[in-house]
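S.K.: Sequence first, predicted coordinates after that:
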Amino acid sequence: MGEQPLLAVERIYREEYGRIVASLVRRFGDLDVAEDAAAEALLVALERWPTDGVPPNPGGWLTTTARNRAIDRLRRESHRDAKHQAALTMHDDTPHEPTGPVEDDRLRLIFACCHPALAPEARVALTLRLLGGLTVAEVAQAFLVAETTMAQRITRAKRKIKDAAIPFRVPTADDLPTRIEAVLAVVYLVFNEGYLSSSADADPVRAELTGEAIRLGRILRGLLPEEPEVAGLLALMLLTESRRTVRVAGGELVSLHEQDRGGWDRALIAEGHALVRECLAINRPGQYQLLAAINAVHTAAPEASATDWSQIAALYAQLYAVVPSPVVALNRAVVTAELDGPEVALAEVDRLGLTTYHAWHATRADLLRRLGRSAEARAAYDDAIAATDNVAERAYLARRRGSLAP
């Protein structure tokens, strides 16, 4: 595989984790059993694969091993006769229950986890952990909170599912509209983790996550063809994915204005633009549609200097009216720097005070550099480097820091 055996095991496990957990929860209806069995399968793989080699179907091997571990656990727990009987159905020839409108295993369980009885953030966090294959640390990074805070949030969500006896039933057609907002959030956050990994132990860009998010987005588009936010999210992911192959070069992150636009995937851009035009015709703007429109403007420019910043500024104003978050305000300030200069933008950025967010420090550093305030820029670059574990981003920030005037 061209990589160290232990790294190969961990990479494959991360890619397959969500599917394994989805399969086990569907079979046994217990999150704890599913997570523990999946973890045990990893330990067995770490022990055997470096010696025996990676099996021809590693995903199937991990799933079978996890399933067997789950059955063993349920058999040992004699007081859980009902779960024991559920385990025995592995050898039952009777057909599975109908899948309902959502045929994909992973997407069906995402809808199940996004139950209205759970708080919105808890739904998304729990689903990212169980089905997105993200670690607790990566989920915490997505929400800009401490890892311990996120661990407690996920634990509380799992406890509520158990205490309230929330069923992992097959979602019906009526469930889709009420749960789609949380499902879209999960898919987008999985995509973001793939497009710029927050983990030092993973590749800077994780194509398996961006690819899986787009796959789920296409399925959602087929399920809810009249929902513009579904089309908007798919468009956003396609337009962003079109730039993935030129996003890292020589082990270093390449910023948008420095990217080789000849390397962008024009087929994905054309598909994304068509979806954006479809959303504009519906005229019910939402956050994913607006983000897609912003990316459409970027990808329509043949070179960075031809970017229509006024149009992007107008779109960000609309986006902030829909989602008045500090992250949106930070991105809007980047546009302000292009239109009104770095000094005006820096004042906007400083008011946000996102001191735990690496992009805030990186944005400040770039604005201070453009203003010739090298000492302050150097300190901001140091803060940005300390706040991210992505090796390609750290390399990019270190190079920018090193180019500062004495």
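M.R.: It's in. Remember, predicted model here, so these are calculated numbers, not experimental data.
S.K.: my guess is Ala392 meets Ala249, correct?
M.R.: No. Taking C-beta atoms under 8 Å as the contact criterion, Ala392 and Ala249 are not neighbours in contact, 9.0 Å apart. (C-beta placed from N, C-alpha, C; glycine too.)
S.K.: Which one of these two is surrounded by more residues?
M.R.: Ala392 (21 against 15; other C-beta atoms under 10 Å).
S.K.: ok but that one is inside a helix, no?
M.R.: Yes. Ala392 sits within a helix when classified using DSSP: H, G, I helix; E, B strand; the rest coil.
S.K.: separation between Glu252 and Val246?
M.R.: Plainly put, Glu252 is 12 Å away from Val246 if you go by C-beta to C-beta, to the nearest Å.
S.K.: ignore the last one, Asp308
M.R.: 21 Å.
S.K.: and these two? which has more neighbours close in?
M.R.: Taking neighbours as other C-beta under 10 Å, Asp308 and Val246 compare with Val246 leading, 17 against 13.
S.K.: Now for that one: which residues touch it?
M.R.: Neighbouring residues of Val246 by C-beta atoms under 8 Å, 6 or more residues apart in numbering: Val254, Gln259, Asp260, Gly263, Trp264.
S.K.: would CSV of those with distance to Lys158, secondary structure and neighbour count be doable?
M.R.: Output for the contacts of Val246, formatted as CSV (distance: C-beta to C-beta, whole Å; DSSP: H, G, I helix; E, B strand; the rest coil; neighbours: other C-beta atoms under 10 Å):
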residue, distance to Lys158, secondary structure, neighbour count
Val254, 40, coil, 17
Gln259, 41, coil, 16
Asp260, 45, coil, 11
Gly263, 43, helix, 14
Trp264, 41, coil, 18
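S.K.: Which of those sits closest to Gly341?
M.R.: For Gly341, the closest of the contacts of Val246 turns out to be Gln259, at 23.7 Å, with distances computed as C-beta to C-beta.
S.K.: And the pLDDT at the closest one?
M.R.: At Gln259 the predicted local distance difference test score is 95.
S.K.: Quick check: phi and psi on it?
M.R.: Taking degrees, to the nearest 10, you get phi -70, psi 150 for the backbone angles of Gln259.
S.K.: how about low-confidence regions in the stretch 151-300 of the chain?
M.R.: Residue ranges of the stretch 151-300 of the chain with pLDDT under 70: 164-171, 199-202.
S.K.: where exactly do the helices run in it?
M.R.: 175-195, 207-223, 228-241, 266-282, 287-300 (DSSP state H, counting those that start in this stretch).
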